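In: need the 3D shape of this:
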Amino acid sequence: MEAWYHYLLLVVVGFTVGFINTVAGGASLISLPVLIWLGLPPAVANGTNRVAIVLQTAMATAGFRSKGVSTFPFNIYLGISAVAGSLIGAYIAVDISGELFNRILAIIMVAVVLVIAFKPGIRAGDLEERLTGKYLWAGCLAFFFIGIYGGFINAGVGFIIILFLHYFHRMNLVRVNATKVAVVCIYTVAALVVFILNDKVVWKVGLVLALGNMLGAWVSSRFSVRQGDGYIKGFLIAMVLVMAVKLWFFT
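Out: Prediction:
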């Protein structure tokens, strides 16, 4: 990376990724190919992208809090559970071709769309959150495994988190996203340490990308609170479909 416009591209890509990841997910499928195209080896691109994810999710969490949306301490419990998984995931070397992995992920995303689109909606009156007792313990267990995937590659993990929090813990989509960004921030810090220790981070590139991510996350977090669940659901379905098509036909 030597040309000045490469850094401008990183900021633009970062803003787009930060906006999408905050309200939906899967946008690392945009940033990772861009980083590889700019000359970073895949493992280094994966590690460098974590710098942007940490700062993006921290900014998004601050954005939600500025609008009075927080799920503390529930998000901390899930985040700590996910940390244990993310440390495992960051060390895992999966013997699978990139094309096969992308197609499997595309199938998962289509399944997510079908669930979102056709599962009977939870009425506002039925959204009595289930955040304690057996539901908290089940959530912590689930997020240990979610953390493994998040630590490994992270792309698309937001869709899984959204579905689990919404349908299992009965949270509205605004609070789901506030919880999601906080949890991802916590476990990504742990994964980033692993990448740093293995010299898989290019800090200059990561911080420039993070600048865009942070701006996109701040705008998206505050905007989504104002728009409410309907906006988030429509945006989520659209992004899952776009990512699935991209993975299946353009790998």
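In: buried ones in the helix or strand harbouring Leu78?
Out: Element membership of Leu78, judged by DSSP states H and E, is helix 74-91. Buried residues in helix 74-91, defined by neighbour count with 16 or more other C-beta atoms under 10 Å: 74-75, 77-90. (C-beta placed from N, C-alpha, C; glycine too.)
In: what does it rub up against?
Out: Residues outside helix 74-91 that contact it (C-beta atoms under 8 Å, 6 or more residues apart in numbering) are 131, 136, 139-141, 143-153, 178-179, 182-183, 185-191, 194-195.
In: same question for stretch 200-216.
Out: So stretch 200-216 is in contact with 1, 7, 10-22, 31, 35, 38, 40, 43-44, 46-56, 58-59, 192, 195, going by C-beta under 8 Å, 6+ apart.
In: and Ile39, which helix or strand is it part of?
Out: Slight slip there: residue 39 is Gly, not Ile. Using DSSP H and E, Gly39 sits in no helix or strand.
In: can you report phi and psi for it?
Out: Dihedral angles of Gly39 (phi, psi; degrees, to the nearest 10) stand at phi 110, psi 0.
In: low pLDDT regions in the stretch 1-150 of the chain?
Out: Along the stretch 1-150 of the chain, the model assigns pLDDT under 70 to residues 1-2, 93-106, 108-109, 111-113, 115-127.
In: quickly note the distance from the closest residue to Leu131 other than its chain neighbours to Glu129.
Out: Excluding its sequence neighbours, the residue lying closest to Leu131 (C-beta to C-beta, 6 or more residues apart in numbering) is Phe74, at 4.8 Å. Remark: distance between Phe74 and Glu129 (C-beta to C-beta, to the nearest Å) = 9 Å.
In: next one: Asp199
Out: Note on Asp199: its distance to Glu129, by C-beta to C-beta, is 43 Å.
In: so what's the residue minimising distance to the centre of the chain up against?
Out: Centroid-nearest residue in the chain: Gly158, 4.1 Å away (criterion: C-alpha atoms, centre = their mean). Contacts here follow C-beta under 8 Å, 6+ apart; on that basis Gly158 touches Asn21, Ala24, Gly25, Gly26, Lys180, Val184.
In: which secondary structure element contains Phe72?
Out: With DSSP H and E as the criterion, Phe72 is inside neither a helix nor a strand.
In: I misspoke; the intended subject was Gly14.
Out: helix 4-23.
In: got the buried residues for the next helix or strand after that helix?
Out: Per DSSP H and E, the first helix or strand lying C-terminal to helix 4-23 is helix 28-37. Buried residues in helix 28-37, counted by 16+ other C-beta under 10 Å: Ser28, Leu29, Ile30, Ser31, Leu32, Pro33, Val34, Leu35.
In: any idea how far the third one is from Ile161?
Out: So the one you mean is Ile30. Distance of Ile30 to Ile161, computed by C-beta to C-beta: 18 Å.
In: repeat for the second one
Out: As for Leu29, its distance to Ile161 is 16 Å (criterion: C-beta to C-beta).
In: and the angle for the helix holding Gly14 with helix 28-37?
Out: Calculated by axes from the mean of the first three to the mean of the last three C-alpha atoms, to 10 degrees, helix 4-23 forms an angle of 160 degrees with helix 28-37.
In: other residues contacting helix 4-23?
Out: By C-beta under 8 Å, 6+ apart, helix 4-23 touches 1, 26-28, 30-31, 34, 38, 52-53, 56-57, 59-60, 63, 158, 177, 181, 205, 208-221, 223-224, 232, 235-236, 239.
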